[in-house]
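Undergrad: mind looking at a prediction? Sequence and model below.
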Amino acid sequence: MGSRLVAGLLALTAAGGIVAGALLETGLPAPATQWAYIVIGVILPALGWLLAARRPEVRYGWLLLADGLCLGLGTLGVGLSARGGYPDLLVSSLNAAFAGFYGLTWIFVPLLFPDGRLPTRRWRPVAWISGAAIAVHAAGAVLMGADPYDMSTAPPSLAAALVAGVAQLVTWIMAVVVFCGLVVRWRRSGRDERGQYAWMVGGMAASLAGGVLLGLAIFGGVWEAALLGVVVVLGALPAAIGVAVVRHRLLDLRLGIRGSRLHLVFDMRPTVDEVLSDLGTALDDTPEPVEQVGRLAAAVRTGLEVTWAAVTLADGTRVVSGHESGPAALTVPVRGGLGRIECGPREAGRLTRDDRRFLDALAVPAGLAIQSAALVTRLVNAQEAERRRIERNIHDGVQQQLVALIAGLELARATGGGPDLLAQLREQARQTLADLRSLAAGIHPPVLSQGGLVEAVEERCAGLPVHTTVTSAPGLRSRRFADEIEGAMYFTVSEAVANALKHAEATTIEVRLSQADGRLRAMVADDGKGFDPGAALQRGLATLADRLDALGGSLELDSRPGRGTRMNAWVPVDG
């Protein structure tokens, strides 16, 4: 929004200067030639606004706006000079803006075509020399005081006129050099870019010819020819760029007609920022992970205007937007090995280097979206697995015990059971109650809610059959954290301790809890036989690692066969 506002203000300033200067010069009613000058002149800032507003990250639109602003200021200077009564310094400064207009038009507009960057580093000397020549030309025009382009007045400073003339000559020489380089670039360009360069070469040749005609006509006093030269200089390059947009989709912009009625619209491929903004809104409204990946594929297809686009996750999940046919025309891996994005051919034309850069830029946030979708999937699967585990434990354990207890009570009622049977049933009820408490503690131990993380970990490790030490940082025992943080850290420690007992055959376990630098940390180390960390994360700790990741934390394992295991987990906390 800020870029569009700045572009609009620059375009309005340029157009305002052109209109005001032209009308001040002749007054109202203005002749047709002035109206023609205004119409042709405002094309340049309008085109610059279009490119800068829609593709603000591309410098070329801003270059055209600067060129149009110089034209507007120079035209305003001519109008003020014709009216008279304004300070000479103001008028000469505004008139000097024409030096910037001619220099930008004949040097930098073709040199930086089409993306606002130099073709190669070898063009840097040309750019520096040209910039210096334009600046000296403008300074000389200011020092001359009078209208430097009005041959009927004699300049008050011969030195200033000489400096301005030399700088103008250098500008012409650099313009010829840039034109020759543009021709070479046109000959060497690929098929997709050749049409754009061809129109630029034609526009540049016409503009230079118009400049020569304008200079000769002014010196010769042939004002009809001078008017023709002005029209060609003003309109040749903007017309060439406009045709490149309409016919050859310069910077992925095009003009078209939509709807049942004739409406002239700018139908432009969205920028990466616009795609990401729309994609973020779509993902927020789409809770299902697979549907999120589908939205991502659709965004890629729309952004690149290809016949189909596919997103493939690392686990093999593949979602396609559009009708997939034939091999992929472009494939980009998603950062972090999370998958890849594939595209079919474009609906019109061929994929270019800009399309590759567009997809590369989209692949980074796409990786985050894929990672988020995969994380949500794993968490959902983990929750479902935990629910089934609890259901199975209830069915196979407590439920069967309650069934047996009810059957025993029915038997006691029917037979008038004696003290021995009642004592047996009482013991079964106690065992069922103990099993229920143990099951509830596995879901969320009461001591964790009542005493906090340190006490819960100490109670968990108190009855272990191996030597276990639990240490905590001073003051951590009295600290309380959010339920999800304490739960995640407690079950992570519990899982690590259980792995040390079941799989590592450890004889010593050390647990350490600490808080520093905005992080709550847990370390569990054992002297067991060690194992493959990758395989371990695929088992019980994988769910806990996802749980920590969802809280903004992380889990790391350091283990090698025969060297024991060390687990480090952390989550961000306040204070």
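TA: Received the coordinates, thanks.

Undergrad: when you work out contacts or count neighbours from here on, use the C-alpha atoms and nothing else.
TA: Fine.

Undergrad: mean confidence score for stretch 519-535?
TA: Stretch 519-535 comes out with an average pLDDT of 83.

Undergrad: CA-only coordinates of it, as PDB, when you get a sec.
TA: Listed next in PDB are the C-alpha coordinates belonging to stretch 519-535 (Å, rounded to 0.1, in the frame of the first residue of the first chain):
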ATOM      1  CA  ARG A 519      13.800 -21.000  27.900                       C
ATOM      2  CA  LEU A 520      12.700 -23.800  30.100                       C
ATOM      3  CA  ARG A 521      15.100 -26.800  29.600                       C
ATOM      4  CA  ALA A 522      15.100 -30.400  30.500                       C
ATOM      5  CA  MET A 523      18.000 -32.800  30.100                       C
ATOM      6  CA  VAL A 524      17.800 -36.600  30.600                       C
ATOM      7  CA  ALA A 525      21.100 -38.600  30.400                       C
ATOM      8  CA  ASP A 526      21.700 -42.300  30.900                       C
ATOM      9  CA  ASP A 527      24.600 -44.700  30.800                       C
ATOM     10  CA  GLY A 528      22.800 -47.300  28.700                       C
ATOM     11  CA  LYS A 529      23.800 -49.000  25.400                       C
ATOM     12  CA  GLY A 530      22.600 -46.100  23.200                       C
ATOM     13  CA  PHE A 531      20.600 -46.300  20.000                       C
ATOM     14  CA  ASP A 532      19.900 -44.600  16.700                       C
ATOM     15  CA  PRO A 533      18.400 -41.100  17.400                       C
ATOM     16  CA  GLY A 534      16.600 -41.200  14.100                       C
ATOM     17  CA  ALA A 535      14.800 -44.400  14.900                       C
END
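
Undergrad: low pLDDT regions in the stretch 51-200 of the chain?
TA: Within the stretch 51-200 of the chain, the stretches falling below the threshold (pLDDT under 70) are 145-157, 191-192.

Undergrad: can you give me the helices for it?
TA: Listed in chain order, the helices of the stretch 51-200 of the chain (DSSP state H, counting those that start in this stretch) span 59-83, 88-95, 97-103, 109-111, 124-144, 158-188, 191-220.

Undergrad: which one of these lies closest to residue 26?
TA: Checking the helices of the stretch 51-200 of the chain against residue 26 by C-alpha to C-alpha gives helix 59-83 as the closest, at 8.0 Å.

Undergrad: in JSON lines: the helices of the stretch 51-200 of the chain, plus distance to residue 562.
TA: Listed next are these as JSON lines, based on distance: least, C-alpha to C-alpha, whole Å:
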{"stretch": "helix 59-83", "distance to residue 562": "60"}
{"stretch": "helix 88-95", "distance to residue 562": "82"}
{"stretch": "helix 97-103", "distance to residue 562": "74"}
{"stretch": "helix 109-111", "distance to residue 562": "66"}
{"stretch": "helix 124-144", "distance to residue 562": "62"}
{"stretch": "helix 158-188", "distance to residue 562": "63"}
{"stretch": "helix 191-220", "distance to residue 562": "61"}
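
Undergrad: as TSV, these with distance to residue 420 and mean neighbour count would be great.
TA: As requested, the helices of the stretch 51-200 of the chain are arranged in TSV below (distance: least, C-alpha to C-alpha, whole Å; neighbours: other C-alpha atoms under 10 Å):
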stretch	distance to residue 420	mean neighbour count
helix 59-83	93	25
helix 88-95	113	22
helix 97-103	110	25
helix 109-111	103	23
helix 124-144	103	20
helix 158-188	102	18
helix 191-220	95	19
